[in-house]
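Novice: Here's my sequence, what's the structure:
(chains A and B, ligands or ions: 2)
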Amino acid sequence: MIEFKDVCKTYENGTEALSHVSFKIEKGEFVFIVGPSGSGKSTLAKLLMYEEQATSGDIRINDFHVTELAKRDVPYLRRSMGVVFQDFRLLQDRTVYDNIMFAMQVVGATKKEIRRRIPTVLSAVGLTHKARSYPDQLSGGEQQRVSLARALANNPPLLIADEPTANLNPSTALEIVEILEQINDRGTTVIMATHAKEIVNRFQKRVLTISDGRLVRDCEKGGYDDGQE
Amino acid sequence: MGKNNFKYFVTTAFKSIGKNALMSFVSAFTVIACLLILGLFLALGINVNAMSQQIREDAEIKVVVDETYDETKLADLTAKIMEIDNVASVSLVTKEDALEYMRDAFGEDQSVLDGLEEDNPFRTSYDITMKDITLASDTASQLGQIEGVAEVNNKQELLDQIVHITDVIRTASVWIMVLLCIVSIFIIANTIKLAVYARRKEINIMKFVGATNWFVRWPFIIEGILIGLIGGLIAFGLISWGYIACLDMLGNMDLGIFSFIPYHEVAFLFLGAFLGLGALIGALGSAFSMRKYLDV
Ligand SMILES: Nc1ncnc2c1ncn2[C@@H]1O[C@H](COP(=O)(O)OP(=O)(O)OP(=O)(O)O)[C@@H](O)[C@H]1O
Ligand SMILES: [Mg+2]
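Specialist: Ligands and ions are numbered 1, 2, ... in the order given. Below you'll find the predicted structure:
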């Protein structure tokens, strides 16, 4: 489903954020991307979301040959994935319901589809009762659940989360990852970049470790430090 | 662009104008200024055009016969005038005819003309119409060379003068208008840039959920067009008011043969031109902004 082949990313200022990274992720996997700060986790997530483009190498996501993508196909690549960020990125002047609706309107969903889908995703993240609340009336964890619901709204086969728990306390963080796990159980591929050791150790999923822009470990069902010499 | 989307675009555009009220107002104002200049020129141009048309239509050449010319040889003179190629018809207006016209014109006050029969102050003349009016100057100079012709009155000169003045007005207003249009486009572009900035968070979200470039752009394009249209409507209101006020003022003045074109005949032209140009300026302004600030 996702394949990186010898991918390098050097930013315009000369920083080499990723160097010769290769891996494959199959449909339905749950993968943690871990590594110290500045190692290149966000850069990897941005390459997946097409927020940045690889300097060299080859990236494929589903049917998209990302490294040779035509500009007009970018929106369609992005529709094939839901994304979640550390800072939630909710529109403060809209209710929870309207925030999710916005994401669906933007890709041309009909009113009927919107009415049907929003209750489903809100219940998937356990926020049915908060539909009419505004983001600033919600806790951090609840806000992150809204952004998760938004990511799921268009029913993408892939979910990418860059440090979704970094702004949350440990127990709330745990809840979020549990929801991600449930989403994964229903068949969605989940990729989560994080440096939360406890979480990685607790869930025992596949772990890709990046250090200094290089993929240094790839461990099936492992902990944060597994495979380290 | 589906029906759903269109509704979304327009609502978004209106909300954005509301949030950005001051700049939207300033932009609309520059559009109004630009269109008012256009309107001024249009109003002048249309009327001057109509005026020259009327002058052209009754463009006759009047030839005054020399007082010393032997009246018995008028038939010769008539024949000579007829020999000129471009002359279509000749009609003789004798001194007596001229006095008669005058009497009619004076109506009840014609008694002041009593006694003039003895010493008629009018001169014998010919009214000449032409086959081709554009050759009027040539014909006039040919007429001037005929013996016994004292004076040739050619309205072509007046026509030329009017055309010249119109040209000057046209050139000046076109340049002022072009300049103002460019200013309007830039100010609208700047307004849209601010609108893009105000909604950068939304745009970012649209981008990562997979909105197409055009989906992101349409509301801004529509916002620009709306500003242009609002400017166009206000300018139309102002010019209508001005035109009617001018007609009221000038309508009472006797300008001889000429009458101004009534408002209802120019209203649609103004409305069409203003809305069209307003929308165009708005669209260009936002397109300009999109190119620079919204490469999603
Ligand atoms: N836009 C950018 N321009 C230049 N350099 C960048 C840019 N973004 C990231 N970098 C650099 O690339 C390297 C990798 O950054 P990245 O954000 O991928 O790290 P990270 O693993 O996500 O770190 P963190 O855990 O702190 O989020 C860092 O050295 C960073 O300074
Ligand atoms: Mg990061």
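Novice: So B:Val64: helix, strand or coil?
Specialist: Secondary structure, DSSP: H, G, I helix; E, B strand; the rest coil: B:Val64 is strand.
Novice: if I pick it, what's in contact with it?
Specialist: B:Arg123, B:Thr124, B:Ser125, B:Val149, B:Ala150, B:Glu151, B:Val152, B:Asn153 (C-beta atoms under 8 Å, 6 or more residues apart in numbering or on different chains). Every residue, glycine included, has its C-beta placed from N, CA and C.
Novice: any idea which of those has the most stuff around it?
Specialist: Among the contacts of B:Val64, the one with the most neighbours (other C-beta atoms under 10 Å in any protein chain shown) is B:Thr124, at 23 neighbours.
Novice: Wait, that residue touches B:Leu74, no?
Specialist: Yes: counting by C-beta atoms under 8 Å, B:Leu74 is a contact partner of B:Thr124 at 7.2 Å.
Novice: Could you tell me which residues touch both of these two?
Specialist: Both B:Thr124 and B:Leu74 are contacted by B:Val65, B:Leu92, under the criterion C-beta under 8 Å, 6+ apart.
Novice: quick one: which of the contacts of B:Val64 is nearest to ligand 1?
Specialist: B:Asn153 (82.4 Å; C-beta to the nearest ligand atom).
Novice: those helices in chain A, which residues are they?
Specialist: Here chain A has its helices, by DSSP state H, at A:41-49, A:74-79, A:96-106, A:111-124, A:140-153, A:170-185, A:197-203.
Novice: residue closest to the middle of chain B?
Specialist: Closest to where the C-alpha atoms of chain B average out (C-alpha atoms, centre = their mean) is B:Gly45, at 2.0 Å.
Novice: what residues are up against it?
Specialist: B:Thr166, B:Ile169, B:Arg170.
Novice: Please convert the buried members of those residues into ChimeraX selection syntax.
Specialist: Only the buried entries of the contacts of B:Gly45 go into this ChimeraX selection, using 16 or more other C-beta atoms under 10 Å in any protein chain shown:
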select /B:166
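Novice: On the pLDDT front, check the residue positioned nearest the centre of chain A for me.
Specialist: Residue closest to the mean C-alpha point of chain A, counted by C-alpha atoms, centre = their mean, is A:Ile160 at 1.6 Å. Per-residue pLDDT puts A:Ile160 at 97.
Novice: what do you get for A:Thr67?
Specialist: In this model, A:Thr67 is scored at 94, pLDDT.
Novice: swap in the one 4 residues further on?
Specialist: Reported pLDDT at A:Lys71 in the predicted model: 90.
Novice: Quickly note the distance from it to B:Asn213.
Specialist: 8 Å (C-beta to C-beta, to the nearest Å).
Novice: okay, those two: which has more neighbours?
Specialist: Shown here are A:Lys71 and B:Asn213; by other C-beta under 10 Å, B:Asn213 has more neighbours (17 against 9).
Novice: what residues go with each domain of the chain?
Specialist: Went with chain A since none was named. A:1-80+A:157-222, A:85-155 (automatic domain parsing).
Novice: meant chain B, my bad for not saying
Specialist: Split into domains by automatic domain parsing, chain B comes to B:3-56+B:159-293, B:60-154.
Novice: and the shortest one, how far from the chain's centre?
Specialist: Right, domain B:60-154. Using C-alpha atoms, centre = their mean, to the nearest Å, the distance from the centre of domain B:60-154 to the centre of the chain it belongs to is 35 Å.
Novice: coming back round to it: distance check, the residue nearest to the centre of chain A against A:Ile33.
Specialist: A:Ile160 is 10 Å from A:Ile33, by C-beta to C-beta.
Novice: where does the chain dip in pLDDT?
Specialist: I went with chain A, as the question did not name one. A:226-229 (pLDDT under 70).
Novice: Hmm, no, I was thinking of chain B.
Specialist: Ranges of chain B meeting pLDDT under 70: B:1-3, B:56-59, B:156, B:159, B:251-258, B:293-296.
Novice: so what's the residue in it that chain A sits nearest to up against?
Specialist: In chain B, the residue that lies nearest chain A is B:Gly210 (3.6 Å; C-beta to the nearest C-beta). By C-beta under 8 Å, 6+ apart, B:Gly210 lies in contact with A:Pro75, A:Tyr76, A:Leu77, A:Arg78, A:Arg79, A:Ser80, A:Val106, A:Val107, A:Asn154.
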